[in-house]
Structure formats: structure tokens, C-alpha cells
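Engineer: Need coordinates for the following:
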Amino acid sequence: MTAHALSAQKFSHNDLEYIPDPFSFYTRMRVESPAFRSDRIFGGAWLFFSYEDCLRLMKDERLSNARAAVPLWFLPEEQRTEFADMIGVYERWLAFHDGKEHTVNRRQANHGYRPFTDEWLEPRIQGLVDRLLDDVDPRGFDLMPEFAFPLPAMVIADVLGVPVEAHPELNRWTDDIAHLFGSTQVTVEHLKRTQASTRELTEFLASPETMRHSEEQGGLLHSLRTTEVHGHRFSEKDVVAQAALLLFAGVASIRYMIGNSVQVLADVPVVERDRLLHPETVHGAVEELLRLCTPVQFVGRVAQSDIPYTTAAGERIVLPAGRPIMLYVASANRDPGQFEQADSLWLGRPAPNRHLTFGAGRHLCFGDPLVRQTLRIALASLYRRMPSLRVVQDSLNYNNNLGFHGFTELRMRDGVA
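Structural biologist: Okay, the predicted model is just below:
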């Protein structure tokens, strides 16, 4: 059974029948039900699949980004208190703030990040990429565990100024959090594991040893602690929370973005793939990969009150107060109403490429420059070293969480090796 034939009523982020190919399902939904109310997802959520709806609703100030506790909504209210400490960390995340609070904290975070320019980051990212690729055997290797999994955690650790050697633990902790926020079906057992991982991550980031290391390295963790804007400074808990957010948002997305990109590039002629190697063409090629290969399938919002809304298709609906709104950016990025050859990779696609991978409006993803730069350096380095890189496994093994869509393994070899 293909995802195209599966019903909208059955759709969830953890159903293995949808995960290999959610895109044909999205195509059908854009035609038949671009706005669909699902009782299966978080006990009742509106799902949107068209580019116009996703863009409009991302910018709609009537919708709230305060959705830290949404993954707990399947629990009885009295049981949710067991996880209050975990949710308390997420509620401090810049990504889950609205209004003036979001503006103040976003400004504070931007000032803290300001010293970390592309010129500062590039040699550090390049050094970590080279360190991993030096250990890869081009005659045969698994891209995901040998390169794509360790690299983002190492890069973000280096930016934060925490020990790069901590990347296995950072991957484990943030994978549990990513599964929580990318899934529509989680168990109490997983919640408890994520609670433990969140506690371990925040304790690691807040420890005197980690803080001292960041200060010595001139890292972002230290910068966030010491930056003051208009008399405002982050509290210690806020500093740790924003660092945890950057790890959560960046580690899984960069990892799967690398894997998804390499998989789709395997069928691209070398002469086209070389666009990734030249300064005048690489940025457009990376934007096209971000459009087509984004692992982040959706962006969430919550209605603050009953909201009348007329969809792009002209349907009048009401978004009920307190219920999730799911905006499927991976579907919007393939909407033929917005993109020519929407389901095809076009590395020379003319600018501007208005994909929604990083969102839109005032909640544009805070870490998007780091994602773009890491992806650009990783792919250019791979294809410069291995110009005939290709996939050599018959079947693809996917992560079981559609919220971060990508591979757990991807066997490769350089065709000329």
C-alpha cells in the first residue's frame, strides 16, 4: 500500500505506512482536502497542506506559538503534573514565546549570537567536517552514523563552547526530545525517558565545568549569559533553555537534511552536482535542497480563541480555541501553485526560492544560518572528495518519526574508488 492510497483519517507521524513516502499523500491532500480536521492527531487538530494556507497561518497573530505542553495532551490532566519540570524547560524556549516576550527574547538571542559570523564559523565547521571525512572509507561507508549523525552535534557543541567530545550524549538527549515533538503517538514510557534526557541535558549545560569551558572557548553559551540589551539579560535557566533549543532544533534537522540531500543527489549528473562546489551557484543549490529535502515536515501553532478562517480554497472553517494547528511545510514546499516542477530537484532554480522550511514571519527559525552553512560545507566537502558518490543499498531505512523525516542508515561508495 502506498501513502497515496492511505486515508487522511488514519494519518499520523508514526505510522510506518506513511513514512517512506509522505509526499504522495500530501499531493492528494492538497487536491482533495488542503484543510483537514483530524481526530487522530492530538485529540483533534486542523491540518493544512497548501502553500498559501501555511504561509498565511504562520503569520497570523491570532495563533499562538506557546505549545510546549501539546505532546502531553493525550494524558489525563492530573498525570501531566508529573512532567512539569520537563515542560518548564520547554516553556522557556524562544520558539514557544509570543508577542512582546518573544520580541525581547529574540532580540536578546540575536545579540548573543552576533559575534558568531560566517567568517568565524566556516573554518570551525570545515575542520569538524574534515575530521570526520578523514576516517571515512570511500570504497564503502554508512553516511548516517559515520558522518551525518555526529557532525551537527559536534558543530553546535563547538558553537556553544561545550566539549565536542560530548556529541554522543548530545545526540541521545536531543533525539528523545525530537521524538517527543515530532511524533503524534508517544507513550508514558517515552515521556519518562525524555524527561530524564531533558534533565541530564540541562544539568550538563548548567554545570560549572561546562560554563567555564564555554567562557574559555568564547562560546555562545557564555555569550548568552553575559549579553545585556536595554537592561535585559537572560536568567541562568533561560540561557540553558536557549542552548537546549538550539541543540534540539539543529541536531536532528541538519543530520537528516544531509542524508536526504545526499540520497536525492545520487541521481543527479555530476555536472549539475558541481553547483555545490562553486560560490556563485552553491547558495541557490542549497536553498533548493532545503525546499525539497527538508526533514521538518510541519510547524505547529495553537488557536488562542475560536478563530474564523477562510482557507485558500475558499472553505470557511473555525479553528477551535486551545487546539493545535499543524502546518505541513514539506507539503507547502512541493505545492505546484507556488513552485514550477515542484516535485523535482532543480539545483539551478531561479531566486528567490520562497520555501517555508524555516517558517515565516516573526517566528522564523533562529538557527537557520547555522543550518545553511553546515549543510553547504558538508555537501561541498563530500562531493569534492568523492565526486562520484552514490547510494549502494537496495532499501532505505527511515527514522520512525515523521516530524524529522530521514534515514537511520545510508550505505554509500565513491563510484571511482
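Engineer: The stretch 301-417 of the chain: helices as residue ranges?
Structural biologist: 329-332, 368-385 (DSSP state H, counting those that start in this stretch).
Engineer: Out of the ones you listed, the one nearest residue 269 is which?
Structural biologist: The closest of the helices of the stretch 301-417 of the chain to residue 269 is helix 368-385. By C-beta to C-beta, the value is 12.2 Å. Glycine gets a C-beta too; all of them are placed from N, C-alpha and C.
Engineer: Quick check, central residue of the protein?
Structural biologist: Centroid check for the chain by C-alpha atoms, centre = their mean gives residue 253 as the closest residue, at 3.7 Å.
Engineer: Okay, angle between the helix or strand harbouring it and helix 368-385 too, please.
Structural biologist: Using DSSP states H and E, residue 253 sits within helix 236-265. Orientation check (axes from the mean of the first three to the mean of the last three C-alpha atoms, to 10 degrees): helix 236-265 against helix 368-385 gives 40 degrees.
Engineer: following helix 236-265, which helix or strand shows up next?
Structural biologist: Sequence order places helix 270-273 as the next helix or strand after helix 236-265, per DSSP H and E.
Engineer: Now that following helix: buried residues?
Structural biologist: For helix 270-273, the neighbour count (16 or more other C-beta atoms under 10 Å) marks residue 273 as buried.
Engineer: CA atoms only for it - export them in CSV, please.
Structural biologist: Output in CSV follows, covering the C-alpha atoms of helix 270-273 (Å, rounded to 0.1, in the frame of the first residue of the first chain):
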residue,chain,number,x,y,z
VAL,A,270,27.9,15.2,-11.7
VAL,A,271,28.0,18.3,-13.8
GLU,A,272,24.8,19.5,-12.0
ARG,A,273,26.0,18.4,-8.6
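Engineer: Mind listing residues that contact it?
Structural biologist: 265, 347, 348, 383, 387, 388 (C-beta atoms under 8 Å, 6 or more residues apart in numbering).
Engineer: switch to 6 Å and redo it
Structural biologist: Outside helix 270-273, the residues that touch it by C-beta atoms under 6 Å, 6 or more residues apart in numbering are 265, 347, 383, 387.
Engineer: so how far is the lowest-mean-pLDDT helix or strand in the chain off the chain centroid?
Structural biologist: In the chain, no helix or strand scores lower on mean pLDDT, DSSP states H and E than helix 99-113, which sits at a mean of 78. Centroid separation for helix 99-113 versus its chain: 20 Å, with C-alpha atoms, centre = their mean, to the nearest Å.
Engineer: And the following helix or strand past that helix, what does it pack against?
Structural biologist: The element immediately downstream of helix 99-113 (helix or strand, assigned by DSSP H and E) is helix 118-133. Packing partners of helix 118-133 (3 or more C-beta pairs under 6 Å, 6 or more residues apart in numbering; DSSP states H and E): helix 150-160, helix 368-385.
Engineer: Name the residues of helix 118-133 that come out as buried.
Structural biologist: For helix 118-133, the neighbour count (16+ other C-beta under 10 Å) marks 121, 124, 125, 128, 129, 132, 133 as buried.
Engineer: burial count for the residue lying closest to the first one once chain neighbours are set aside?
Structural biologist: Setting aside the residues directly before and after it, residue 121 is nearest to residue 373 in space (C-beta to C-beta, 6 or more residues apart in numbering), at 5.8 Å. Number of residues near residue 373 (other C-beta atoms under 10 Å) recorded here: 18.
Engineer: Output stretch 258-267 in PDB, but only the C-alpha positions, please.
Structural biologist: The C-alpha trace of stretch 258-267 is given here as PDB (Å, rounded to 0.1, in the frame of the first residue of the first chain):
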ATOM      1  CA  ILE A 258      22.400  15.800   5.000                       C
ATOM      2  CA  GLY A 259      21.100  12.300   4.500                       C
ATOM      3  CA  ASN A 260      18.100  13.400   2.500                       C
ATOM      4  CA  SER A 261      20.200  15.600   0.300                       C
ATOM      5  CA  VAL A 262      22.800  13.000  -0.500                       C
ATOM      6  CA  GLN A 263      20.100  10.500  -1.300                       C
ATOM      7  CA  VAL A 264      18.400  12.700  -3.800                       C
ATOM      8  CA  LEU A 265      21.700  14.000  -5.300                       C
ATOM      9  CA  ALA A 266      22.700  10.400  -6.100                       C
ATOM     10  CA  ASP A 267      20.600  10.600  -9.200                       C
END
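Engineer: who touches that stretch?
Structural biologist: For stretch 258-267, the surrounding residues in contact (C-beta under 6 Å, 6+ apart) are 143-144, 148, 273, 289, 293, 345, 378, 390-391, 406-407, 410.
Engineer: check contacts around residue 353.
Structural biologist: Applying C-beta under 6 Å, 6+ apart, we find residue 353 in contact with 287, 291.
Engineer: quick one: it from residue 193, how far?
Structural biologist: Per C-beta to C-beta, to the nearest Å, residue 353 is found 38 Å from residue 193.
Engineer: just residue 52 next, same as before
Structural biologist: 39 Å.
Engineer: Repeat that for residue 160.
Structural biologist: Residue 160 sits 23 Å away from residue 193, going by C-beta to C-beta.
Engineer: residue ranges with poor pLDDT in the stretch 1-150 of the chain?
Structural biologist: Counting by pLDDT under 70, the stretch 1-150 of the chain has low-confidence residues at 1-6.
Engineer: where does the stretch 301-417 of the chain have low pLDDT?
Structural biologist: 363-364, 366, 416-417.
Engineer: Can you show me the strands along it?
Structural biologist: Assigned by DSSP state E, counting those that start in this stretch, the stretch 301-417 of the chain shows strands spanning 307-310, 316-319, 324-327, 389-391, 397-398, 407-409, 411-414.
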